[in-house]
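Chemist: make a model of this:
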Amino acid sequence: MKVTIRKGDTLWYYSQLFHLPFQLLLDSNRQQNVNTLMPGMEIEIPGFQSKAYKVEKGDTFWTIARQRNLSLDVIFLLNPNVDPNFLSIGETLILPTRITNPIIVAKQAYSSEQLSNDLKRLSEVYPFIIINEIGKSVLNQPIQEMVIGNGEKKVHFNGSFHANEWITTPIIMRFLNEYLLSLTNYQTIRGVQTLPLYNSVSLSLVPMVNPDGVDLVLQGPPPSIRERVIEINRGSEEFTGWKANINGVDLNNQYPAKWEIEKERKEEKAPAPRDFPGYKPLSEPEAVALADLARDKRFDRMLALHTQGKEFYWGYEGLEPPESERLAEEFARVSGYKPVRYVDSYAGYKDWFIKEFQKPGFTMELGKGINPLPLSQFEEIYQDILGVFLVSMYR
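Modeler: Got it, this is the predicted structure:
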């Protein structure tokens, strides 16, 4: 919601007027010089929407404010051209509405288009979010990162490396919306105050690493590449088993962490629905985008969300720091998932992350069953992983 600055107004005053954290107002107006606010400038108020209200018989600014638990000055601020002494029945006023419920439906099979639409909608209501395009997919779709918070600790979550593990995208979107709501409403999540997290943690989220592959699983192939992907899929038009990107390369076998070993022992030696590591490491634009992101941001912790198994992997060649074991114990406690330190697999994003930075990295295998997991498991999976998200940020 936007408001127009009046003479003498400050962001601090607005934080009191709308009962919002001052830092969220600052970060929602990064484009403005907040030290020289001038009358007539527009300012973003996060977590609110403006709605039209028709004046009824007996209404005054004071009665409207009292009925809606608003400050009287909020009504003056949003209706600068209305004379409160001469209200007419049917006249339109603009009133603020605090958002207290999710504005997106996270429990859905997200296409890349729906994801972009929802990220845009969230950023409009919560303008303290930063959206970065970190790369493009093979089919030139954006790979998007959301950044929330200002802290020195840098934490990263990603989902949908594998196309038929698309349920990890709505899991991240559910957490994102819940986190934003808690910040603008001074609420807790499982008893955890989130505003201190905002001020101490820079949270990076890439909800969909593999947009082309997810769309293929959910919607089928686009006409321009239909014959090619059906050929890669062994002549089948059923794509529920597809894990790879649209080139038939498994993005989680693309990283230079003993990639040569993984390449030799994989049965797939050419593009396939799953398990083909490519002809060289980091050949695919999606894998490169995530590698470049990690090199640029130097995350302190990284969680890659996959399915399925109700377990997680947290070691690589003894290069994981001591902090990883402590976090693994906490993750196991809050989720009930089995921690596995070493697994006979290489070339994954988690493997490379630990090798490259010696920081805690985790591959979280959410839920249990046959991929793609159904949305009927969504709530159980979310409740399992929610504590892990929180621990990774505040511990």
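Chemist: now do the SS call for residue 16.
Modeler: Under the three-state scheme (DSSP: H, G, I helix; E, B strand; the rest coil), residue 16 adopts helix.
Chemist: burial count for it?
Modeler: Counted with other Cβ atoms under 10 Å, the neighbours of residue 16 add up to 11. For the C-beta atoms, the positions are set from N, CA and C on the backbone; glycine is no exception.
Chemist: any idea how far it lies from residue 292?
Modeler: Distance of residue 16 to residue 292, given as Cβ to Cβ, to the nearest Å: 42 Å.
Chemist: show me where this protein has strands.
Modeler: 2-4, 42-44, 48-54, 92-98, 130-136, 142-148, 153-158, 188-189, 192-193, 201-206, 301-307, 311-313, 338-340, 361-366 (DSSP state E).
Chemist: these: which one's closest to residue 72?
Modeler: For the strands of the chain, proximity to residue 72 was assessed by Cβ to Cβ; strand 92-98 is nearest, at 12.1 Å.
Chemist: partner strands of that closest one, with direction?
Modeler: Its sheet considered, strand 92-98 pairs with strand 48-54 (antiparallel) by DSSP bridges.
Chemist: run the chain-centre distance for the partner strand.
Modeler: 28 Å (Cα atoms, centre = their mean, to the nearest Å).
Chemist: just the CA trace of that strand, in PDB.
Modeler: Extracted in PDB, the C-alpha atoms of strand 48-54 (Å, rounded to 0.1, in the frame of the first residue of the first chain):
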ATOM      1  CA  PHE A  48      -1.400  -3.500   4.200                       C
ATOM      2  CA  GLN A  49      -3.800  -3.100   1.300                       C
ATOM      3  CA  SER A  50      -6.100  -0.100   0.700                       C
ATOM      4  CA  LYS A  51      -9.800  -0.600   0.100                       C
ATOM      5  CA  ALA A  52     -12.600   1.600  -0.900                       C
ATOM      6  CA  TYR A  53     -15.400   2.300   1.700                       C
ATOM      7  CA  LYS A  54     -18.700   3.900   1.100                       C
END
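Chemist: how about residues contacting it?
Modeler: 1-2, 18, 64, 78, 90-99, 125 (Cβ atoms under 8 Å, 6 or more residues apart in numbering).
Chemist: could you do stretch 322-331 as well?
Modeler: Outside stretch 322-331, the residues touching it (Cβ under 8 Å, 6+ apart) are 301, 312, 314-315, 337, 339, 341, 354, 360-362, 364, 387-388, 391-392, 395.
Chemist: and stretch 196-206, which residues are buried?
Modeler: Buried positions in stretch 196-206, judged by neighbour count with 16 or more other Cβ atoms under 10 Å: 197-198, 201-206.
Chemist: show me where the stretch 151-300 of the chain dips below the pLDDT cut-off.
Modeler: For the stretch 151-300 of the chain, no stretch has pLDDT under 70.
Chemist: before we move on, the earlier item: buried ones among the contacts of stretch 322-331?
Modeler: 301, 312, 314-315, 337, 339, 354, 360-362, 364, 387-388, 391-392.
Chemist: next, count neighbours for residue 103.
Modeler: Per other Cβ under 10 Å, the neighbour tally for residue 103 reads 16.
Chemist: excluding sequence neighbours, find me the nearest residue to it.
Modeler: Excluding its sequence neighbours, the residue lying closest to residue 103 (Cβ to Cβ, 6 or more residues apart in numbering) is residue 125, at 5.9 Å.
Chemist: and the one you found, how far is that from residue 226?
Modeler: From residue 125 across to residue 226, the span is 38 Å (Cβ to Cβ).
Chemist: residues touching residue 93, list them.
Modeler: Listed by Cβ under 8 Å, 6+ apart, the contact set of residue 93 reads 52-55, 64, 75, 78-79, 82.
Chemist: the same query, at a cut-off of 10 Å, please.
Modeler: The neighbourhood of residue 93, defined by Cβ atoms under 10 Å, 6 or more residues apart in numbering, consists of 51-55, 59, 61, 64, 75, 78-79, 82, 84, 87.
Chemist: show me which pair in those is furthest apart.
Modeler: Across these (Cβ to Cβ), the longest gap, 18.8 Å, separates 51 and 84.
Chemist: how far away from the center of its chain is stretch 191-200?
Modeler: Here the centre of stretch 191-200 is set off from its chain's centre by 17 Å, with Cα atoms, centre = their mean.
Chemist: straight-line length of it, end to end?
Modeler: By Cα to Cα, to the nearest Å, the extent of stretch 191-200 from end to end equals 17 Å.
Chemist: not counting its own residues, what contacts it?
Modeler: Residues outside stretch 191-200 that contact it (Cβ under 10 Å, 6+ apart): 21, 23-24, 27, 128, 148-153, 155, 178-189, 201, 203, 387, 389-391, 393-394.
Chemist: now with 7 Å?
Modeler: 21, 23, 148-151, 153, 179, 182-183, 188, 390, 393-394 (Cβ atoms under 7 Å, 6 or more residues apart in numbering).
Chemist: hang on, the earlier thing: ok, residue 51 and residue 84, which is more surrounded?
Modeler: Neighbour count, other Cβ under 10 Å: between residue 51 and residue 84, residue 84 has more, with 14 against 11.
Chemist: let me see the contact set for the residue nearest to the more buried one when sequence neighbours are not counted.
Modeler: Closest residue in space to residue 84, ignoring its immediate chain neighbours: residue 61 at 4.5 Å, by Cβ to Cβ, 6+ apart. By Cβ under 7 Å, 6+ apart, the residues touching residue 61 are 72, 75, 84.
Chemist: can you rerun that using 10 Å?
Modeler: Residues near residue 61 by Cβ under 10 Å, 6+ apart: 70, 72-76, 79, 82, 84-85, 87, 93.
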